[in-house]
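Asker: this is a predicted model, with the sequence first.
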Amino acid sequence: MLVKPLGGELLRGLLFVSFYLHLSFVLLAIGTAIISLFYFLGNRGDKSTGEARWDREILRTFMAHKSLAAVLGVGPLLLIQVGHSVPFFSSIGLWAPVWMALILLLIVASLAIDVLGHRIRGRRSWHLGLGIIGLASFLGVPAVFVVVLVTAENPEGWFAIIKNNFRLAGPLALHWLLRYLHILGAAIVIGAAFHYLFSKRKDSRKDSALSRWLVIGILIQFVLGPLLYLSLPRRPGAAANLFLLIGVIGAGLLLRSVYYLKNKGRAMGIKTLAPISALVLFFMLLTRQTLQDKTFLPLEREYQAKAAIYEKTLGPFRQPSVQKYQSDLDIVYDRGAVIYSRSCAFCHGDAADGDGPEAKNLAVPPENLSAVRTDRRTLHKIILAGTPGSGMPYFSFFDRSKIQGLMDYLDQKWGVLGPNEPPPGPVPQAALEQAQKIYDQTCAQCHGQDGRGSRQAQDFRPSVPDLTVYNLTPQRTFAIISNGYPGTVMSGFSAAYSEDVRWGLAKIINDKRK
């Protein structure tokens, strides 16, 4: 576990405050989109056109609300990553495709709703499609966030989600749905409250309409609230119940104020509406934070205990590892010998015989570089691009001079850029003739008659070498013909052909490189 930059209490406090600000504008943006699209699609409200249209007036504020929600969302996102990294990253890992879809949803929603808010002229048919697409995309954003938070807060259900083909099921699915709908209800309340204070401009019709929206939003909360409470995977403690009760009382006071002032023929002012709305949202979020801490804090303590065990186990190795790391930093990769020892030897071995410490872990064994014979251009290509299908990676991060230095070192040390070498002894003519027939009938199926590789072998990984520019010492070629090359389609022929014939095959293959 990484050391947190702040103490736990301060981190959770910052997370709560930043999330409160973020969610306020998220709810305001969602509420704005729902209310304005309702009047646009339902042909209600102010029925004038152009700048005087009320749905246009409301919708044009969406850009500011959405932008503030996005900017203020960076803080809580970073804080929850730092403060609750294991449950958060585990949940977005389970919902990775859905999480990535947030980008598309936000782009589509922003463009569609912003264009609609600035381009409404009359009621053209394409406005309807644009509004529906924008609203649907925007409503998908909180749906994704809710599924991630529900998953993070219920780690005991992670394996069930995996077994259910990465879908919520049963009680968790119901809890997600109720929680999502509860957010939409809160968005209607916050959106209606904002526009009641700032958009109606002392218009009695707008006053009445937005009052109805307030009532509808609060009633949705009162209906969904008990169901959401009953769907909680864990029973709330005393603190959570207290915060919830205060939030419910605040919502009741808000509802009573709407009715009372309406019956008196008076509009609510900012001194009444804003504090009560802020209070309700504050205590509802405090309830959620308390419930979340009930899961996250024991989880964090468990992870910290495991981290302490790992710390104790790995402690003796820390100082030697740091010293080795520091010594590695001091190495200057400016000579072929250094590059080979630090980047090649762990697979190919210090003697370049293909027997490095990591060779045993590779399905395709590293080549015995001391037996390679090729030209500079081919070797440069292999080092630069690697060998797909094997453990040989690309080294394109080395500049040309470093690769040239490495090639010079390989050539000086093991003669890899040397000419073709003859077999250690003469090959009988009869064996050589038989070997040629075998090559034409068997070997050419993969290597091609000219040694450049057949069409059949084009998709092999690793690919067959171009024998006209790359071969091995006769001894190494003979060994591969006899025993095969593990991890490739090259099989051994020691049981099929005599030693003389195999030496003949080695000569025929090596002679293709002139």
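Answerer: Everything's here; your move. Numbering: from 1, shown residues only.
Asker: helix, strand or coil for Arg373?
Answerer: When classified by DSSP: H, G, I helix; E, B strand; the rest coil, Arg373 comes out as strand.
Asker: tell me which residues form a beta bridge with it?
Answerer: In this entry, Arg373 is beta-bridged to Asn471, by DSSP bridges.
Asker: what about it, neighbour count?
Answerer: One way to gauge burial is a neighbour count; for Arg373, by other C-beta atoms under 10 Å, it gives 22. To be clear about C-beta, it is placed using only N, CA and C from the backbone, and glycine gets the same treatment.
Asker: going forward, the N-terminal residue is numbered 57.
Answerer: Sure, I'll start counting at 57 from here, so that last one is Arg429.
Asker: ok, now which ones touch it?
Answerer: The neighbourhood of Arg429, defined by C-beta atoms under 8 Å, 6 or more residues apart in numbering, consists of 471-477, 526-529, 569.
Asker: which of those residues are buried?
Answerer: Members of these that pass the buried threshold by neighbour count (16 or more other C-beta atoms under 10 Å) are listed as 472-473, 477, 526-529, 569.
Asker: the residues you listed into TSV, with extra columns for pLDDT?
Answerer: Compiled in TSV, the buried ones among the contacts of Arg429 are given as follows (pLDDT from 0 to 100):
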residue	pLDDT
Val472	96
Leu473	96
Glu477	91
Tyr526	95
Asn527	94
Leu528	96
Thr529	96
Arg569	92
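Asker: now for Ala85: which residues touch it?
Answerer: 118, 121-122, 125, 194.
Asker: ok, now how distant is Gly368 from Ala294?
Answerer: Residue 368: Lys, not Gly. Taken as C-beta to C-beta, to the nearest Å, the spacing of Lys368 relative to Ala294 amounts to 37 Å.
Asker: could you do Gln485 as well?
Answerer: Gln485 sits 99 Å away from Ala294, going by C-beta to C-beta.
Asker: contact partners of stretch 154-164?
Answerer: 126, 148, 189-190, 193-194, 196-197, 200, 203-204.
Asker: stretch 501-508 now?
Answerer: Contacts with stretch 501-508, where a contact means C-beta under 8 Å, 6+ apart, come from 495-496, 509-510, 512-513, 516, 520, 522-524, 545-546, 565, 568-569.
Asker: just the buried ones from the residues you listed, in ChimeraX syntax?
Answerer: In ChimeraX, selecting the buried portion of the contacts of stretch 501-508, with burial taken from 16+ other C-beta under 10 Å, looks like this:
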select :495,509,510,516,520,522,523,524,546,565,568,569
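Asker: one step back: among the contacts of stretch 154-164, which one has the lowest pLDDT?
Answerer: Here the lowest pLDDT out of these sits on Gly190, with 85.
Asker: could you list every residue that touches that residue?
Answerer: For Gly190, the residues meeting the contact criterion (C-beta under 8 Å, 6+ apart) are 89, 93, 164-165, 167-169, 172.
Asker: before we move on, what about Tyr389?
Answerer: Residues counted as contacts of Tyr389 (C-beta under 8 Å, 6+ apart) are 395, 398-399, 454, 458.
Asker: filter these down to the buried ones.
Answerer: By 16+ other C-beta under 10 Å, the contacts of Tyr389 give 395, 399, 454, 458 as buried.
Asker: hmm, back to that, out of the contacts of Ala85, which sit inside helices?
Answerer: When the contacts of Ala85 are checked against helices (DSSP state H), the matches are 118, 121-122, 125, 194.
Asker: those residues into CSV, with extra columns for neighbour count?
Answerer: Compiled in CSV, these are given as follows (neighbours: other C-beta atoms under 10 Å):
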residue, neighbour count
Phe118, 25
His121, 22
Lys122, 24
Ala125, 20
Phe194, 25
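Asker: and which of those residues is nearest Phe81?
Answerer: Within the ones in helices among the contacts of Ala85, the smallest distance to Phe81 is 3.9 Å, found for Ala125 (C-beta to C-beta).
Asker: state the distance from the closest residue to that closest one other than its chain neighbours to Ala243.
Answerer: Leaving aside its sequence neighbours, Ala125 sits nearest to Phe81 (C-beta to C-beta, 6 or more residues apart in numbering; 3.9 Å). Here the distance between Phe81 and Ala243 works out to 11 Å (C-beta to C-beta).
Asker: quick one: least confident helix or strand in this structure?
Answerer: Of all helical and strand segments in the chain, the minimum by mean pLDDT, DSSP states H and E falls on helix 110-115, at a mean of 70.
Asker: my guess is Val82 meets Ala125, correct?
Answerer: Yes - the criterion here is C-beta atoms under 8 Å, and Val82 meets it with Ala125 at 4.5 Å.
Asker: output the contacting helices and strands for the helix ranked longest in the chain.
Answerer: Residue-count comparison of every helix in the chain, with assignments taken from DSSP H, identifies helix 326-385 as the longest. Contact here means 3 or more C-beta pairs under 8 Å, 6 or more residues apart in numbering; DSSP states H and E; on that basis helix 326-385 packs against helix 64-98, helix 141-150, helix 226-254, helix 294-319.
Asker: could these go into a markdown table alongside distance to Lys350?
Answerer: Shown next, in a markdown table, are the helices and strands packed on helix 326-385 (distance: least, C-beta to C-beta, whole Å):
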| stretch | distance to Lys350 |
| --- | --- |
| helix 64-98 | 12 |
| helix 141-150 | 12 |
| helix 226-254 | 15 |
| helix 294-319 | 8 |
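Asker: nearest the middle, which residue of the protein would you pick?
Answerer: Ala152 (6.2 Å; C-alpha atoms, centre = their mean).
Asker: check the gap between it and Gln137 for me.
Answerer: Computed with C-beta to C-beta, the distance linking Ala152 and Gln137 is 15 Å.
Asker: mind giving me the domain ranges of the chain?
Answerer: 64-366, 392-470, 485-566 (automatic domain parsing).
Asker: tabulate the ones you listed (TSV), appending distance to Gln375.
Answerer: Below are the domains of the chain laid out as TSV (distance: least, C-beta to C-beta, whole Å):
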stretch	distance to Gln375
domain 64-366	16
domain 392-470	22
domain 485-566	39
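Asker: tell me which of those domains lies nearest to Lys380.
Answerer: Checking the domains of the chain against Lys380 by C-beta to C-beta gives domain 392-470 as the closest, at 12.0 Å.
Asker: can you pull the contacts of the nearest residue to Ile91 once chain neighbours are set aside?
Answerer: In space, not counting the residues next to it along the chain, Ile91 is nearest to Gly247; the distance is 5.4 Å by C-beta to C-beta, 6+ apart. Contacts were defined as C-beta under 8 Å, 6+ apart; by that measure Gly247 touches 83-84, 86-88, 90-91, 269.
Asker: what residues are up against Leu280?
Answerer: By C-beta under 8 Å, 6+ apart, Leu280 lies in contact with 234, 237-238, 241.
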